[in-house]
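Colleague: Sharing a model prediction with you, sequence too.
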Amino acid sequence: MLAKRAADGAVQPAATVSGYGPTQLQSAYNLASAAAANGTGQTVAVVDAFDDPNAASDLAVYRSQYGLPACTVANGCFSKVNEQGQTSPLPSPAPASDDWTGEESLDIDMVSAICPNCHIILVEASSESNDDLGAGVNAAVSLGAKFVSNSYGGSEASNDGTYDSEYYDHPGVAVTASAGDSGYGVEYPAASQYVTSVGGTSLSTASNTRGWTESVWNTSSTEGTGSGCSAYDPKPTWQKDTGCANRTVSDVSAVADPATGVAVYDTYNSNGGWNVYGGTSVASPLIASVYALAGTPAANTTPASYLYAHTSSLYDVTTGSTSTCTPAYLCTPRSATTVRPVSVPPTASLPSPRVPPAPTR
């Protein structure tokens, strides 16, 4: 259902919306208290390609629908910049064959849902090339964002180490990247040793203490969360699993299954209005926003390592799989009764608000 606008321009909430909204997402991950109290003074950036001309107005509808505080250009909460970090000129809108505008709405809506007090920077790269998107990451950091989400990925390549050093190595900044939606296998930049790689789960209500249950997102052999061993990126020192000689993907997971998807408001596509979105594109900005709730990362640290130092604060995912692989933990969850390995993707879900705390240095 489309939201209606009053004659004076005020946004009128839609009567009914499908998909999880802020209340459900905060409940599922025990974030309600942190979302209410934390995030002021923090900035979360999301990096996408091409321009979404309706980003600001669509964001206003989403936040009004759920009773979130206004986040606008006028009040300094929201900004939209190009890959150089400038407000103009902005890139052209996405080609008709792409849905980058839906991705942009998804990203800023998920930041709003998890960290409603955070400021948001939407960085719009000129194209979906590695260099343009990477430049957008650098622009976000240069503008002061300590939390940067990247809901995109592509095949690994032997020169990924160059991209690592040019675009994703930002000590003291929590950079997150989607692990991919095509099932078992690794994408870049989620494979980068400098980012938090984010996998996906199916999230449903339950009659347990938590009130929710999660399993590995796996719709089919070609649709589900990414995971596996990087072919090129070296293993970071804080990963201790022995099944991958190189970087292991992913580090943490959150809701991504389109069948248990999230509500998104986007009017700049053929299905304009309220939609239900899924994919690890949901999970990456969620995790970036959780980092923001936890506070500014310590200088000269890699925030992905915080998760491994605080595994007791993660929800275990113990059911489902993405494939059959060797070693099995790369595509199947661990049993809750076994000793916890340091890194077992895609088995750990979104951390509670006290994680990831910055380590003392």
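Modeller: Sure, I can see it. Just so you know, these numbers come straight off a predicted model, no measurement behind them. Residues are numbered from 1 along each chain as shown.
Colleague: can you pull the contacts of Gly134?
Modeller: If you count contacts by Cβ atoms under 8 Å, 6 or more residues apart in numbering, Gly134 has them with 163, 166-168, 189. All C-beta spots, glycine's among them, are computed from the backbone N, C-alpha and C.
Colleague: Output the longest strand belonging to this structure.
Modeller: Determined from DSSP state E, the single longest strand within the chain is strand 196-205.
Colleague: Could you tell me the angle between the following helix or strand past that strand and strand 196-205?
Modeller: Proceeding N to C from strand 196-205, the next assigned helix or strand is strand 212-216, under DSSP states H and E. Using axes from the mean of the first three to the mean of the last three Cα atoms, to 10 degrees, the direction of strand 212-216 lies 130 degrees away from that of strand 196-205.
Colleague: Within its sheet, name the partner strands of strand 212-216 and how each one runs.
Modeller: For strand 212-216, the paired strands and their directions (DSSP bridges) are strand 196-205 (antiparallel).
Colleague: what about Pro258, how many neighbours?
Modeller: 18 (other Cβ atoms under 10 Å).
Colleague: quick one, phi psi at the residue positioned nearest the centre of the chain?
Modeller: Geometric centre of the chain, nearest residue: Ser284, 1.2 Å, by Cα atoms, centre = their mean. Torsion angles at Ser284 (phi, psi; degrees, to the nearest 10) stand at phi -60, psi -50.
Colleague: picking that back up, so of the contacts of Gly134, which two are at opposite extremes in space?
Modeller: The distance between the two most remote of the contacts of Gly134 (Cβ to Cβ) is 11.2 Å, for Glu166 and Pro189.
Colleague: Settle it for me: which of these two has more neighbours?
Modeller: Using other Cβ under 10 Å as the criterion, Glu166 and Pro189 rank with Pro189 on top: 27 against 14.
Colleague: Can you show me the helices along the stretch 101-250 of the chain?
Modeller: Taking DSSP state H, counting those that start in this stretch, the helices of the stretch 101-250 of the chain run over residues 130-142, 160-163.
Colleague: TSV please, covering those helices and showing distance to Gly183 and mean pLDDT.
Modeller: As requested, these are arranged in TSV below (distance: least, Cβ to Cβ, whole Å; pLDDT from 0 to 100):
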stretch	distance to Gly183	mean pLDDT
helix 130-142	22	98
helix 160-163	21	96
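Colleague: just those: most buried one?
Modeller: A comparison of those by mean neighbour count, using mean count of other Cβ atoms under 10 Å, puts helix 130-142 on top with a mean of 21.
Colleague: mind saving the C-alpha coords of that helix as CSV?
Modeller: This file holds the C-alpha atoms of helix 130-142, laid out as CSV (Å, rounded to 0.1, in the frame of the first residue of the first chain):
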residue,chain,number,x,y,z
ASN,A,130,34.9,-2.0,-8.0
ASP,A,131,36.8,1.2,-8.3
ASP,A,132,33.8,3.5,-8.1
LEU,A,133,32.2,1.6,-5.2
GLY,A,134,35.5,1.4,-3.5
ALA,A,135,36.0,5.2,-3.9
GLY,A,136,32.6,5.5,-2.3
VAL,A,137,33.9,3.7,0.8
ASN,A,138,36.8,6.0,1.0
ALA,A,139,34.5,9.0,0.7
ALA,A,140,32.3,7.8,3.5
VAL,A,141,35.3,7.4,5.8
SER,A,142,36.6,10.8,4.8
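Colleague: chain center to it, what's the gap?
Modeller: With Cα atoms, centre = their mean, to the nearest Å as the basis, helix 130-142 stands 16 Å off its chain's centre.
Colleague: likewise stretch 269-288?
Modeller: Taking mean C-alpha positions (Cα atoms, centre = their mean), stretch 269-288 and its chain are 10 Å apart.
Colleague: Using neighbour counts, pick out the buried residues of that stretch.
Modeller: 269, 273-275, 277-288 (16 or more other Cβ atoms under 10 Å).
Colleague: same question, stretch 46-66
Modeller: Buried residues in stretch 46-66, counted by 16+ other Cβ under 10 Å: 46-52, 54-66.
Colleague: picking up where we left off before, could you dump the helices of the stretch 101-250 of the chain to CSV with distance to Ala292?
Modeller: Formatted as CSV, the helices of the stretch 101-250 of the chain follow (distance: least, Cβ to Cβ, whole Å):
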stretch, distance to Ala292
helix 130-142, 13
helix 160-163, 24
